[in-house]
Structures are given as structure tokens and as C-alpha cells.
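just to be clear, the model below is a prediction. Sequence and coordinates:
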Amino acid sequence: MQASSTVIGNYLIDDFRFMSTDRSIPKEIVHKAHTNLGVNISYQKAWRAKEHMVKILHGDIVESYTLIPRFFDKLVESNPGTCTALEMDDSGHFSASIKGWKYCRPIISVDRTFLKCKFVGILLIASSQDGNNQIFPLAFAIVDSENDASWTWFFEKIRSSFSERANLVIVSDRHLSIPKGVLRVFPDVEYCVCTKHLLSNLKLHFKDPLLDKYFFSCAYAYIVEEFEYHTRCMESVCLNIRDYLSSVGFEKWSRTYSRRRRYRIMTSNCAESVNSVFKDLRELPVATMLCSIRDVLQKWFYERSKAASTMKSYLTYWAENILRLEHEKSRRLLVDPISTTEYQVTDENQQFIVKLNVEC
């Protein structure tokens, strides 16, 4: 018994209507065609059946590109202040992201993911973190490939949409095109590398189970003495690791030597987390995917705005909780004044000098 990919797609479409696209894989269609229809089909036919279902459910992949200008027009019409750009390929920025950026920490994490539709492409993502320690999506772009031109164009659109900001830091993995684009567009910005990606690169050259512990202790150290101590620990198990990390630049991955405040953001995790949220959309036609991203952002911003309206203080819930925990820990400290701005703080068997007139 034989059946065309169109017939199979039409018959099985209800089975996939409410599934994520990642689960609608050809091998599952092969299985359902055999189980439900009693026919054996090839992987290629199953793939064509899947494309047919995607077309019915989410629109034609080719025609989707022609819908992008109209989508951008409607996006701007319904969200005044939204910035969009279309140059051979496409990108868009949500107005709530632009308005909320000034309340975020001046750190942008960037990441990318591969699209899985017929014409593939790359989805570029930029995110930050707001005052409540929540991931705050800033910008998205669809480009043909990941290269110098694509990243430079993306950063140019970010600058034109959000303007420049003092003491800005941009964090990413070590793809060579990213720092090139950052330096071309933001010459005064501090470019830093994601500590998790750097650790993954380290593990290609150094093999020791203690490396993770020592490296992160080193990356998150505040003072030089602490940094040097953990560096020596790394050197004790991984010979020449200091030279490798020095070649990267201590200021690019360590809190001790950073020339800008890092606000506890040492990785590109927030951009990668946004990437993970949208992973099921990568097989959709681009206009449908952009519309789905907009729907998610609209829901996030509404829920956060609603939660913010119930706040009773200037501090966010996250910040208040941090202060509460720190206050509890401070109750065991013994504080002796040295002057009006200098104090000796004793924590069990450790002593520290705290100077309140010194900027960190």
C-alpha cells in the first residue's frame, strides 16, 4: 500500500497540531504512518509530509519572508517606539525592551542559534537582567550566517535602538566575529568572555576534576590575593594554565581584574536561556517565528508589570531578599570603628578593614 506525503500529512496533522516542532520529527511520522495507516514510508517521504503539515499549520516557508515587512509595520503600529530593520534579511526590537533597558544592569549577553526551516539561517539574541534578577530580552535578528558582517550589523542596530550607555559590558562566547563587531560599533565598551565557555575550552587542554572548582573560585574572586591563591591551586593541578588564561586576558573573565562592574553576571547564560525558550520555534516560517517571539515577550512584560504594581518599596523582591540574607549574616560580625569612614570587621577568626569612602 502506498500513500503520498500530502495524504500522510493531511491524515496525521491532528496528531502534530499541538506538538512542538522539534517533536514532529520524520522518524515519528514514519512510526505513525505504519501504526495508524499501515503503510511503510521512507525518511524522505516523512520529511516531505512534515513540511506539508508545517505549511498548513504555520504558513508557507517561502511566502513567510514576504510577510516580514507587513509584520514589522503591524508591530510598530501596535507597539509605538518599537525599532525594526530589514536589510536583505530581517530583525526586530520590542518597544518594551527599549523602555526597560535603562532599568537593567549595563551588561548585555549575546548568543545565537541555528534555524531549522528550509532556508536555515541564524537567530541572534541579546539579553540583559533587570532589577529583579530576571532575564530581560533586548533584541533579536535573523541573519544568513554567523560572520563579521552579521554581528557588526546586529550591534549597529542595538546601538541605534538603545543608544550608548556608560560602563557597558558585553558578554559572549569566544566566536571571533563577536569581539570584532563589538569593537567596531562600541569602541568604549568592555568586551568579556563567558566563564562557562572559557572553562569548556580549558578542558580541551587541561584534564583534572578539580579544574571547575578552582577556575570558578578564581573567576569570582574580588581581590587580587584571593585570585592569586586560586590561580596557584589551578597551577598545582594544571601546569601552564596561567599562561593560557593570561593570553585570553584576565580582565575579560575575572571579577578581580575587570575594568567594569560585572553585577554578578559572568556568563552569557541569560541570552542562552532565551535561546532555549525559543528552541521549539526554529523550524517555523520566519514570520510565524517572529510573531511567536512577540507573543512570549508580551506575556512576560505584562506579568512583570503586574507584579511590579504590587511592590511596596523602591527595591525589587529579589533585592530585598538579598539584603535580608546579608543582614542575617552580618549579625555574627564584630565591627570596631577606626575612623568615621574606616572600620575593622571580625568574622570568627578572620579580620578585614572596610573603607566606606572607597569606590569599588
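Structure received.

give me the nearest residue to residue 208, chain neighbours excluded.
Spatially, and ignoring its direct neighbours in sequence, residue 208 is nearest to residue 237 (4.3 Å; CB to CB, 6 or more residues apart in numbering). In this view, the C-beta of every residue, glycine as well, is placed from N, C-alpha and C.

and that neighbour, what's its pLDDT?
As predicted, residue 237 sits at a pLDDT of 93.

biggest helix in this protein by residues?
As assigned by DSSP state H, the longest helix anywhere in the chain is helix 286-308.

who does it touch, helix- and strand-wise?
Counting contacts by 3 or more CB pairs under 8 Å, 6 or more residues apart in numbering; DSSP states H and E, helix 286-308 is packed against helix 61-66, helix 68-78, strand 89-93, helix 95-100, strand 135-143.

if we can go back for a sec, from residue 211, how far off is the residue nearest to residue 208?
7 Å (CB to CB, to the nearest Å).

do you know the pLDDT at the closest residue to residue 138 other than its chain neighbours?
Distances taken as CB to CB, 6+ apart put residue 126 closest to residue 138, at 4.5 Å, once the chain neighbours are dropped. Confidence at residue 126, expressed as pLDDT, is 94.

need the three-state assignment for residue 126.
Secondary structure of residue 126, reduced to three states by DSSP: H, G, I helix; E, B strand; the rest coil: strand.

got the domain ranges for this protein?
Residue ranges for the domains of the chain, per automatic domain parsing: 5-58, 59-194+267-310, 198-260, 317-355.

now residue 42, nearest residue through space, not along the chain?
Using CB to CB, 6+ apart, the nearest residue to residue 42 is residue 30, at 7.9 Å.

how about the domains of the chain in a markdown table, adding mean neighbour count?
Below are these laid out as a markdown table (neighbours: other CB atoms under 10 Å):
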| stretch | mean neighbour count |
| --- | --- |
| domain 5-58 | 16 |
| domain 59-194+267-310 | 18 |
| domain 198-260 | 16 |
| domain 317-355 | 11 |
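
need the least confident one among these, by mean pLDDT.
In terms of mean pLDDT, the lowest-scoring of these is domain 5-58 (a mean of 68).

picking that back up, how far does the longest helix of the chain sit from the chain's center?
Computed by CA atoms, centre = their mean, to the nearest Å, the chain-centroid distance of helix 286-308 equals 16 Å.
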